[in-house]
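Asker: Return a 3D structure for these sequence lines:
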Amino acid sequence: MARFLRPLLRGTTYTRLLHLWVPMLIVSLWMFIMPTHPWVPALFLIPIGLIPSVRRGEGVQARLLLTPGDDEESGISVGPSATWRDRLRTVLWLEVRMVLGALALAATAWLPILAYDLVRVAFGHMAMDNPVLRHVQPHWAYGLLAPLALVLVFAAVIGLGELITAVACLLLGPSAAERLATLEERTEQLLERNRIARELHDSIGHALTVAVVQAGAARATGDPAFTARALTTIEDTGRAALEDLERVLGVLREAGRPVHDRPTLTEADRLLESARASGARVDAEVSGPLRTVPGPVSREGYRILQESLTNVLRHAGDVPVRVRIAVVENSLDLEVRNPLTAEIPGPGRGSGLRGIRERAALLGGRALTGPDRGDWQVRVELPLS
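Answerer: Down below sits the predicted model:
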């Protein structure tokens, strides 16, 4: 019994009922104007549903009244119609909402009246205004059916609320384009989160370790000259760590940008100029239609190029760098080469290289990093499909 009554104690049950009643306000007004044509409002809903912004309004209403408090987990989109398929789904939603609203209004209005008339008949009165009980002779047994009518009211309110919520998730749920954008967003967040964790561990951890060791050694030796050298080392290491921290914080600030606003390989020139301004001598070769590269591939390609140039600046310094970006057949090829220096990222460093390989693997591509014929190379192949 308690399980049956539990939905009646939830506020969601009644906000869903309110959602079902809302379209009936317009229908009721129309019935006063032209009661012989109750189907006309359903025709008006067809052109209204084709308006892109209507889908957003319906999504906001559905989230607020059908799934209050769930927000992103509700499975209901709050974006406008982006395709004709979305518009047709919105039209179908409006029609279904009107039908279910009519059923809810009938159940919540007619069934309580029926319960009241059953009680009247049980007490010896005729229910001449009720088409169901009009010809029924008064009898006390009809009073036993009154609670059944009230139970049917509760069942209709709860059942229709669950049904309209399920239909909303089906017809107002995210489109394929919205699901792809959400997947890209989550993928980007995961990659950047892993990258930030590695950057902070490598850079800040290394700087703190050097500072602690140098400070301890300076205190132990008591030599002013050694102490001066140790302070210089701590200063240089701390300055480098601050630069790395600022770069990581820049990634965090950028994480709030929508996926489609983030840089792609069409902006590679800006990245190359930034590397040249930092001291690298970059010779770039770009071939193929970069604008035709799919968004996820182009964005990840930009990040891979950015990380490759950052590694050159960090580990090799002022050296000539050869960059090749090519769109060939069904793949994007990206290669960055620079003369091999004595400093090669060891097992504890090289987080950027792991990030490059992870990005490539996520898109079904492959990345090769390491020494090659006297150069350090980063070569990545990403499929376009």
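Asker: which residues of the stretch 201-350 of the chain score low on pLDDT?
Answerer: Low-confidence segments of the stretch 201-350 of the chain (pLDDT under 70): 201-203, 205-207, 210, 244, 247-262, 277-279, 317, 342-350.
Asker: So what's the residue count around the nearest residue in space to residue 140 that is not next to it in sequence?
Answerer: Among residues not flanking residue 140 along the chain, residue 122 sits closest, at 5.1 Å (C-beta to C-beta, 6 or more residues apart in numbering). In short, each C-beta sits where N, CA and C put it, glycine included. Here the count is done by other C-beta atoms under 10 Å, and residue 122 has 17 residues near it.
Asker: got a list of what residue 122 touches?
Answerer: Residue 122 is in contact with 138-144, 146, counting by C-beta atoms under 8 Å, 6 or more residues apart in numbering.
Asker: Swap in 6 Å and give it another go.
Answerer: Shown here is residue 122, whose contacts under the criterion C-beta atoms under 6 Å, 6 or more residues apart in numbering are 140, 142-143.
Asker: Reformat the residues you listed as CSV; add secondary structure, distance to residue 92 and pLDDT.
Answerer: Compiled in CSV, the contacts of residue 122 are given as follows (DSSP: H, G, I helix; E, B strand; the rest coil; distance: C-beta to C-beta, whole Å; pLDDT from 0 to 100):
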residue, secondary structure, distance to residue 92, pLDDT
140, helix, 48, 86
142, helix, 42, 83
143, helix, 43, 85
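Asker: Just the buried ones out of those residues, please.
Answerer: By neighbour count, with 16 or more other C-beta atoms under 10 Å, the contacts of residue 122 hold residue 142 as buried.
Asker: Let's have the contacts of residue 122 in a markdown table, adding distance to residue 99.
Answerer: Shown next, in a markdown table, are those (distance: C-beta to C-beta, whole Å):
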| residue | distance to residue 99 |
| --- | --- |
| 140 | 38 |
| 142 | 31 |
| 143 | 33 |
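Asker: Check the contacts of residue 122 against residue 212 and report the nearest one.
Answerer: residue 143 (86.2 Å; C-beta to C-beta).
Asker: Compute the distance between the closest one and residue 123, please.
Answerer: 8 Å (C-beta to C-beta, to the nearest Å).
Asker: quick one: common contacting residues for those two?
Answerer: Between them, residue 143 and residue 123 share no contacting residue, judged by C-beta under 6 Å, 6+ apart.
Asker: number of nearby residues for residue 157?
Answerer: Neighbour tally, residue 157, other C-beta under 10 Å: 21.
Asker: what do you get for residue 9?
Answerer: 8.
Asker: residues touching residue 316, list them.
Answerer: Residue 316 is in contact with 338, 341, counting by C-beta under 6 Å, 6+ apart.
Asker: Repeat that for residue 44.
Answerer: Counted by C-beta under 6 Å, 6+ apart, residue 44 has zero contacts.
Asker: how does it look with 10 Å?
Answerer: The contact partners of residue 44, by C-beta atoms under 10 Å, 6 or more residues apart in numbering, come to 26, 30, 94.
Asker: same check, this time on residue 363
Answerer: When contacts are counted by C-beta under 10 Å, 6+ apart, residue 363 touches 187, 294, 296-297, 300-301, 304, 332, 380-384.
Asker: what helix or strand does residue 338 sit in?
Answerer: strand 331-339 (DSSP states H and E).
Asker: what's that strand packed up against?
Answerer: Packing partners of strand 331-339 (3 or more C-beta pairs under 10 Å, 6 or more residues apart in numbering; DSSP states H and E): strand 281-287, helix 295-315, strand 320-328, helix 351-362, strand 366-372, strand 375-383.
Asker: closest to residue 51 out of these?
Answerer: Nearest to residue 51, of the helices and strands packed on strand 331-339 and by C-beta to C-beta, is helix 295-315 at 27.0 Å.
Asker: buried set for the closest one?
Answerer: Under 16+ other C-beta under 10 Å, the buried positions of helix 295-315 are 296-315.
Asker: circling back: tell me which of the helices and strands packed on strand 331-339 sits nearest to residue 102.
Answerer: helix 295-315 (43.6 Å).
Asker: what distance separates that closest one from the middle of the whole chain?
Answerer: Relative to its parent chain, helix 295-315 has a centroid offset of 24 Å by C-alpha atoms, centre = their mean, to the nearest Å.
Asker: Next: stretch 98-116.
Answerer: Distance, centroid of stretch 98-116 to centroid of chain: 39 Å (C-alpha atoms, centre = their mean).
Asker: hmm, back to that, can you list the contacts of residue 363 in a markdown table and add distance to residue 354?
Answerer: Formatted as a markdown table, the contacts of residue 363 follow (distance: C-beta to C-beta, whole Å):
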| residue | distance to residue 354 |
| --- | --- |
| 187 | 16 |
| 294 | 24 |
| 296 | 20 |
| 297 | 20 |
| 300 | 15 |
| 301 | 17 |
| 304 | 12 |
| 332 | 20 |
| 380 | 13 |
| 381 | 18 |
| 382 | 17 |
| 383 | 21 |
| 384 | 24 |
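Asker: can you tell me which two in those are farthest apart?
Answerer: Maximum distance among those (C-beta to C-beta): 18.9 Å, for 187 and 381.
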